[in-house]
Each structure stands twice: as structure tokens, then as C-alpha cells.
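Q: my questions are about this predicted structure, shown below with the sequence.
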Amino acid sequence: MKPRHFSLRFSLWGGLLCLLLCVLTLMAPAALALSGKITEFGVPTPDSRPWSITAGPDGNIWFTEILGNKIGRITPAGVITEFGVPTPEGPDGITAGPDGNLWFTEASAGLIGRITPAGVITEFAVPTAYSDPRGITAGPDGNIWFAESQGNNIGHISPNGKNKVTEFAVPTAYSDPRGITAGPDGNIWFTEALGGNQIGQLH
């Protein structure tokens, strides 16, 4: 027969564990629940057409202004700051990079842009002329991947200081790759909007 003090101690620990689980269970839905209320924040530049949006590594939300030719940053409290893009062609997609910066595409200019949380912008040329880079995402390999709509390529740029752009041709001609994301399988997935009418996987 087990000593009474052992059973009592075991019961106390079990009770505390159950209480902790109950508290966590009650807290989880409250933390995740959304009320459905929408608050809107006006962008300072008129008719700038905010386009793509992503969460930044600095705790702010970053977005592209395709007609305003700016990268915007909005704090959770709604304070907006805009940064002008050097090349006047309009930024398109945007994503947070593993290097702590934001990366974006400049479709009409055929460029990939990088902006630091402080607002310093650097641009990198895509090798294929008139490639029209659109969607962009951070890959599981530490690179930044993007879809070239008119170049019919999937490209990546290394943010490790070398900033080398590498391109991979999509097998279907004129497939118009646009949207792109990193998959849970460790591969890159993308859409082929027009000629392809397919979903592509790069591995």
C-alpha cells in the first residue's frame, strides 16, 4: 500500500495540471477569436492603389503602392509611413525576408527591391529582359523566390550578401507564372495563370 502523503502529493500535482489545462483552453479561443469589426486607415498618397501586403519582422505591416510608386509601413496603431521607390515603375508583390528586410517585385521595371525596416531601398536587376516579376515569397532554403510573368521563369535571389539572381524556366511556354509561395513540403509552389492553366511545383 502506497504512503498516504505520496497519494496526496500526486493528487495535488494532478489537480494543478488540470487547472492549468483548463485555463489554457479557455484562453486560446479568446486570443484567436476575431470580432469581425473592420477599421480602415487612409493611405497618405492619393490614388496610390495599395496592392500587396505582408507582416514585417519589425512588428509592423508593410505594403506596396503600385501607382504611388512607394513602399508603405503601417504600425498596429495605424500610423503610416511611406518610402519612395527609386525606379518610377511601381512595386507589386512584397514579402518578409529571412535577413530581417522586406523584399518586393517591380514588375514593369524588371527589378527585385529590398527595403530595410529603416526605409533604405536597394534594387537588383532580373537577368531576363521584360520578365515582369510579380509574386514573391521567402523560401525554406533562405532565398527569396519570385515569379516572372512574362519571362516565364521562376527566379530566386540570395539575401546573404551575394544578391545573385538565378532563374529556372517553366516547362510550359507562355504559362504566365504569377502567384508563388513556399509549401509545407519544402518546395516552391506557383500559379500559371494564362497559357499554363496549371499549378507548378519547383523542388
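A: Yep, it's here. Here the structure is a predicted model, which means the values were calculated and not measured.

Q: alpha carbons only for contacts and neighbour counts from here, please
A: Will do.

Q: what segments of this structure are helices?
A: Remark: helices assigned in the chain by DSSP state H are 4-32.

Q: pLDDT below threshold where in it?
A: By pLDDT under 70, the low-scoring segments of the chain are 1-32, 161.

Q: what sits closest to Thr172 if chain neighbours are left out?
A: Residue nearest to Thr172 in three dimensions, not counting chain neighbours: Gly196, with 6.1 Å by Cα to Cα, 6 or more residues apart in numbering.

Q: surely Pro76 and Asn60 touch.
A: Yes - the criterion here is Cα atoms under 8 Å, and Pro76 meets it with Asn60 at 6.4 Å.

Q: those two: who's more crowded?
A: Neighbour tally, Pro76 and Asn60, criterion other Cα atoms under 10 Å: the higher count belongs to Asn60, 17 against 10.

Q: what's the separation between the more buried one and Ser52?
A: Per Cα to Cα, to the nearest Å, Asn60 is found 14 Å from Ser52.

Q: list the contacts for the closest residue in space to Ala125 that isn't next to it in sequence?
A: Nearest residue to Ala125 in three dimensions, chain neighbours excluded: Leu111, at 4.6 Å (Cα to Cα, 6+ apart). Taking Cα atoms under 8 Å, 6 or more residues apart in numbering, we find Leu111 in contact with 105, 123-126, 133.

Q: of all those, which two lie farthest apart?
A: Spatially, the most separated pair among the contacts of Leu111 is Glu123 and Pro133, at 12.9 Å (Cα to Cα).

Q: between those two, what contacts are shared?
A: With Cα under 8 Å, 6+ apart as the test, Glu123 and Pro133 both reach 111-112.

Q: neighbour count: those two, which is higher?
A: Using other Cα under 10 Å as the criterion, Glu123 and Pro133 rank with Pro133 on top: 32 against 18.

Q: any idea what the more buried one is bridged to?
A: Glu148 (DSSP bridges).

Q: inside strands: which ones of the contacts of Leu111?
A: 105, 123-125, 133 (DSSP state E).

Q: most centrally placed residue in the chain?
A: The chain has Thr95 as the residue nearest its centroid, 3.2 Å off, counting by Cα atoms, centre = their mean.

Q: circling back to that earlier point, and the residue nearest to Ala125, how far from His156?
A: Distance of Leu111 to His156, computed by Cα to Cα: 12 Å.

Q: with Ala96 instead?
A: To His156, Ala96 is 14 Å away according to Cα to Cα.

Q: list the contacts of stretch 88-102.
A: The contact list for stretch 88-102 (Cα under 8 Å, 6+ apart) reads 51-58, 62-71, 85, 103-109, 114-117, 134-138, 142-144, 159-160.
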